[in-house]
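**Q** sharing a model prediction with you, sequence too.
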Amino acid sequence: MSTPYAKLPAWADYGLIPLINLAVAFIVAGFVVLLVGENPLRAAAILVEGAFGRGQGIAFTLYYATTFIFTGLSVAVAVHCGLFNIGTEGQAYIAGLGVAVVCLTFDATLPWWLTFPLATLAAAAMGALWALLPAYLQAKRGSHIVITTIMFNFIAASIMVYLLVGMLKPPGSMAPQTRIFLEGAQLPKLNWVIELFGARVRSAPLNISFLLALLMAFLTWVLIWRTRLGYEIRTYGHSPKAARYAGISETRIIIITMMISGALGGMMALNPTMGDQHNVAIDFVSGAGFVGIAVALMGRSHPVGIVLAAILFGMLYQGGAELAFEMPAISRDMIVIIQGLVILFAGALEHMFRPSIQALFASFSPKSVGMAATKGKGA
Amino acid sequence: MGQAAIELIGINKSFGAVHANRDINLEIPRGTIHGIVGENGAGKSTLMSILYGFYQADSGEIRVNGKPAAIKTSNDAIAAGIGMVHQHFMLVENFTVLENIILGAEGEALLKTSIAKARSELQRLEREYGLEVDPDAIIEELPVGIQQRVEILKALYRGAEILILDEPTGVLTPAEADHLFRILKQLKEQGKTVVLITHKLREIMAITDNVSVMRQGTMVATRETKKTTVEELAELMVGRRVLLRVEKGAANTGAVKLAVSNLTVRDQRGVTMVDDVSFEVRAGEIVGIAGVAGNGQSELIEAISGIRRAVSGSVLLDGKPIDVTGTADPGELRDRGLAHVPEDRHHVGLVLAFEENENSILGYHDDERYRKGLLLDIDAIRNDAKSKIEGYDIRPPDCRLKTANFSGGNQQKIVLAREMEQDPGVLIVGQPTRGVDVGAIEFIHKRLIAMRDQGKAVLLISVELDEIRSLSDRILVMFAGRIVGERGPEASEGELGLLMAGVEQREAAE
Amino acid sequence: MDIFNIIIQTLDSTLRLSVPLLLACLAGLYSERSGIFDIGLEGKMLVGAFAGAAAASVFHSAFIGLGMAILISISFAMIHGFASITHRGNQIVSGVAINFIAAGSTVILGQAWFQQGGRTPALAEGERFSPITLPGADAVKDIPVLGHLYSELLSGHSLIAYIAFAMVPITWWVLYRTRFGLRLRAVGENPAAVDTAGISVTWLRYRALLCTGVLTGLAGAYLSMTQNGGFVKDMTAGKGYIALAALIFAKWKPVNAMFACLLFGFLDALAIRLQGTPLPIIGKVPVQFMQALPYILTVVLLAGFIGKAIPPRAGGVPYVKER
């Protein structure tokens, strides 16, 4: 039989099950907190308080969320095409090169509102370029895209380290990073929006790339569900044979999708560089590409879900920082564990609780759980 | 006839809401060949999978040689002396014959002795049953008929007294099928019991001692083969007199719409599947291509519709060439008025995860009608889908329902509606009624006739000979990649059957 | 220092650097040959390294450390199995999850237990695996070339290093000469064939992951208890991924795996040795290029320019019973 799982109402499928998976991830994380000798409930309270309690926290939360919206969208677009882009990390890292070149060239001459679109284009182009070769190898040579993108992450890291300890580093400096960008490449902050609501923000890196992230989420929704290209991407993602039959070129769709995915991942580079640190430093991506996997899984590859999941992870990052401050035994690495647990329970184990929830639904109202009446093909 | 080798008593099995086996009772005498027939989806394979321990019955009892047998896993079945040859072979393709045979029956933890033992045992089996095969050959390099022989050897090596074969001839050439039947008869003479699952009545009549008929999950009858007829079995299978002939007038043919000449197509392994084939289809006629599955029909229509590259040859559509060896693309051919209902609707013709309306534009998603500027015109798509649902009586009439939730017949109607409503000049149809319920078959046949009467050129491929005979105005028979004959619709089943078996060709060669 | 000594030293560090790669690569081989993709080698190595060093320093015993390393590594392998075999989850996703959990928990627990910024205490003599001098190594030391090779290159490695290289023929033998190996190779190619032959696909794959866990545990223990005298945050530093690359490079074959790991270990050793030293003709080779070379080579291989790497056919696909 090809349908081991019965149908659940949509709200249970898209709301209840992810929430249960998330809850389990947090409960397990709570055990780790216990193991360390702290009170998990108090830890949770500090975390939420740190993320949303004050304007400052909210601004930081949204700053982190900006990064994760980009990487989450990047992973999700590829997922719709049936591709697992594990290389968002490297695509974002190499996009830092595009940002650096644009910013270092124009920051003295152009205002930010000209540098920003140029840097956005450069970042997207570099990200897309870094996704192009794995995509080409998958489409033409059948090389598994998971493996090639992993390899490309490491190659990207080597290139960036090489450039940041060499060419991109200002002479005389020891730190592997570019010089500080001038005002022409510093993005305006958005903290005043939060202050409109009466909260105070001392200084937080939330900047206008947050708006770009939201715009990209909307455009991704339009792309996937409202354009012919999106239709072709989904067709190929569900059934390559049907795509062939429909006259959709396999090579073209894989390459275009991966380049879009890479471009979205690449735009992530804008936020920490132009928006916060005002330079391109070594390891500025620091795992955000992998968080994108968790975000896409949690958000079920839907832009709305991704924005919500990105805010959740933003909360973890910001609240986690507060937590590390309040409870020295719990460093920020706690977030890494939670991330892993979310990926485990919302991703790899997403079906674990489904049967019991279905049974529960069936016992309440047998009719709401219709069995999909598709029989195995050789019946 | 003696004691029963197998007795099934009150077997029930459900998959969710689908009652695949309902109160099945069956007795198979030892030392006989027992046929089980039924349409696709009648529950034959499920029943045999239960007997082989692949599934467990919800209720009921299995007795082997008179003793109740608790068959929970394939291991239990093997221990009870039951062997199975699956429709899709259960072989490890990059292993040798010997490795495949000992897999799971190695005996001890080290392979050395078990391989030596298997080698000598294989020689014995070869002598006894005429099952010749090179023990050191790699499976994927062997022809299908030999691979099947390995499957049989696997069962015998495990000491099977009862051998179940699931649709064994589906993938065989007629010569290979003949050889298989000789082997089965030999097995019977040695006292083995053979259960043959098939939907081909001719095979049942040719080789079995007894035959049981299944329909919609129930066992409707068991007959002694000598005392029944093809007609009776066919009626039992479908439950009412089969409507073999669709009413249709004489063909009113016009200009040549599709001209295929010297087309040669190879599959991904490089085996020539279509060999120098030429024919034409005119406006206002249905040309049927008959043949045993796997004789090149699938590759032929894939090449014509631009899905598969041909090696050589040419195809003219309305007198203008299709670049079948180079750049032919299904999308371009659709624009030129060639529509294609593919053989495999689950993986090719439809995206089962899509909503119905999304599937109703598959392949035509570039069309002006479904566009609004840069975007898809969702309203236009849904309205269009609704009108097709009405026109083709697709049930349930819900264009937002996931396609996987429609029945086989309704899924096929979604494909047909999409392709026919484009008003194509040429329609290529592969297996239009495979896995489709009887009511929908009639509907689909009438629609195809209507297309013909509107002056379209229809090329029909089907493994159901009855379907070919009742719909076609001309019948081409394909065997081993070649067209071996052309007949009118009045040609008898026997005559076509001989052509399909390649009999004429073999005689000519000798 | 003369050329001969430089060569010996480079080869010696090649051996040392390839040991963890080889163990992880063979670990991946068991898993992937059974049809379970495993990008969680990195994480399993890391928890193995942590558990080994932590237990060794607490119980003052290298062997208790090794036991813990293996045990914890196995339990992470079982999590992978639980997700991807029992619950038919996505194997890549599960592997990514394991890497995260490992990276986070080793630091959190290390900090909580030892308060040394995520490190474990430095291991004393007896808490780590010391070099073993092979019989007669001292006696033949002064014989030119051969004696030198024996005493400098082959002798003086730790127990785990010898186990690693012994695992190559053992793995070959298990794979091609035993019932378990036959079934393991079969289940990675066509699990349905294994299932219908009356063998449990689930149990077989769990056993494969058990082997994976043992070997990644050994690899981790080597890192923290031989190469380094204790655990350091993120000490695997991508070795799990290099091992994965080596596995592809080796086309999933044990003897090839050894050569692939030696090659990648050699590149690493060379990168360290050449740091800043210009080469004749080519000039100065950036160390980053040497570090990226294993990945570049693997991509080139995957692109089909040097032979073709065909993975086990059922790899990555959860097994669902279907007619």
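**A** Received the coordinates, thanks.
**Q** in the stretch 151-300 of chain B, which residue sits nearest chain C?
**A** B:Lys154 (7.8 Å; Cβ to the nearest Cβ). Bear in mind the C-beta positions are built from the backbone N, C-alpha and C, glycine included.
**Q** domain ranges for the chain?
**A** You didn't say which chain, so I picked chain A. Domains of chain A are assigned by automatic domain parsing as A:14-37+A:327-365, A:39-326.
**Q** wait, chain B
**A** Split into domains by automatic domain parsing, chain B comes to B:4-238, B:256-509.
**Q** which SSE is immediately downstream of the helix or strand encompassing B:Asp276?
**A** When elements are assigned from DSSP states H and E, B:Asp276 belongs to strand B:272-282. Remark: after strand B:272-282, the chain's next helix or strand is strand B:285-290, criterion DSSP H and E.
**Q** roughly how far out does that following strand sit from the chain middle?
**A** 19 Å (Cα atoms, centre = their mean, to the nearest Å).
**Q** that one pairs with which strands, and in what direction?
**A** With DSSP bridges as the test, strand B:285-290 is paired with strand B:457-461 (parallel), strand B:474-479 (parallel).
**Q** if I pick the closest residue to C:Thr226 other than its chain neighbours, what's in contact with it?
**A** In this structure, C:Thr226 finds its nearest non-sequential neighbour in C:Ser158, 4.3 Å apart by Cβ to Cβ, 6 or more residues apart in numbering or on different chains. Contacts were defined as Cβ atoms under 8 Å, 6 or more residues apart in numbering or on different chains; by that measure C:Ser158 touches C:129-132, C:222, C:226.
**Q** buried ones among these?
**A** The neighbour count (16 or more other Cβ atoms under 10 Å in any protein chain shown) marks C:129, C:222, C:226 as buried among the contacts of C:Ser158.
**Q** make CSV out of these and add pLDDT and distance to C:Tyr162.
**A** Output for these, formatted as CSV (pLDDT from 0 to 100; distance: Cβ to Cβ, whole Å):
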residue, pLDDT, distance to C:Tyr162
C:Phe129, 91, 10
C:Tyr222, 97, 11
C:Thr226, 94, 11
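**Q** now, which of these sits nearest chain A?
**A** Distances from chain A to the buried ones among the contacts of C:Ser158, taken by Cβ to the nearest Cβ, are shortest for C:Tyr222, at 21.5 Å.
**Q** low-confidence ranges, the chain, go.
**A** Let's take chain A. Along chain A, segments meeting pLDDT under 70 span A:1-7, A:365-379.
**Q** I was thinking of chain C, sorry if that wasn't clear
**A** C:1, C:276, C:280, C:282, C:306-308, C:322-323.
**Q** now the buried ones among the contacts of C:Ser158 as TSV including secondary structure?
**A** Below are those laid out as TSV (DSSP: H, G, I helix; E, B strand; the rest coil):
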residue	secondary structure
C:Phe129	coil
C:Tyr222	helix
C:Thr226	helix
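**Q** pick the one among these closest to B:Ala255.
**A** Nearest to B:Ala255 among those, counting by Cβ to Cβ, is C:Tyr222 at 78.2 Å.
**Q** torsion angles phi and psi at the residue in the stretch 1-150 of chain C positioned nearest to chain B?
**A** Closest approach between the stretch 1-150 of chain C and chain B, counting by Cβ to the nearest Cβ: C:Gly35, at 11.6 Å. Dihedral angles of C:Gly35 (phi, psi; degrees, to the nearest 10) stand at phi 90, psi 10.
**Q** next: the one 5 residues further on.
**A** When quoted as degrees, to the nearest 10, the phi and psi of C:Gly40 stand at phi -90, psi 20.
**Q** and if you look at B:Asp23?
**A** Residue torsions, per degrees, to the nearest 10, at B:Asp23 are phi 50, psi 60.
**Q** please, where are all the helices along the stretch 351-500 of chain B?
**A** Here the stretch 351-500 of chain B has its helices, by DSSP state H, counting those that start in this stretch, at B:356-359, B:378-391, B:408-420, B:438-453, B:465-471, B:493-500.
**Q** and for chain C?
**A** C:3-33, C:41-59, C:62-81, C:91-114, C:137-140, C:146-148, C:159-177, C:179-189, C:191-196, C:201-222, C:239-249, C:254-274, C:287-302 (DSSP state H).
**Q** with distance to chain B added, can I get those in a markdown table?
**A** Formatted as a markdown table, the helices of chain C follow (distance: least, Cβ to the nearest Cβ, whole Å):
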| stretch | distance to chain B |
| --- | --- |
| helix C:3-33 | 12 |
| helix C:41-59 | 25 |
| helix C:62-81 | 20 |
| helix C:91-114 | 19 |
| helix C:137-140 | 35 |
| helix C:146-148 | 36 |
| helix C:159-177 | 6 |
| helix C:179-189 | 4 |
| helix C:191-196 | 4 |
| helix C:201-222 | 11 |
| helix C:239-249 | 17 |
| helix C:254-274 | 16 |
| helix C:287-302 | 20 |
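**Q** do you know which of these lies nearest B:Arg22?
**A** helix C:191-196 (25.4 Å).
**Q** on that earlier part again, which residues does the residue of the stretch 1-150 of chain C closest to chain B contact?
**A** C:187-189, C:191, C:205, C:312, C:314-317, C:319.
**Q** tell me how far B:Met219 lies from B:Arg63.
**A** Distance of B:Met219 to B:Arg63, computed by Cβ to Cβ, to the nearest Å: 16 Å.
**Q** B:Met44 contacts B:Ile24, doesn't it?
**A** One thing to correct before we go on: residue B:44 is Lys, not Met. No. The pair B:Lys44 / B:Ile24 is not scored as a contact, 10.3 Å apart, by Cβ atoms under 8 Å.
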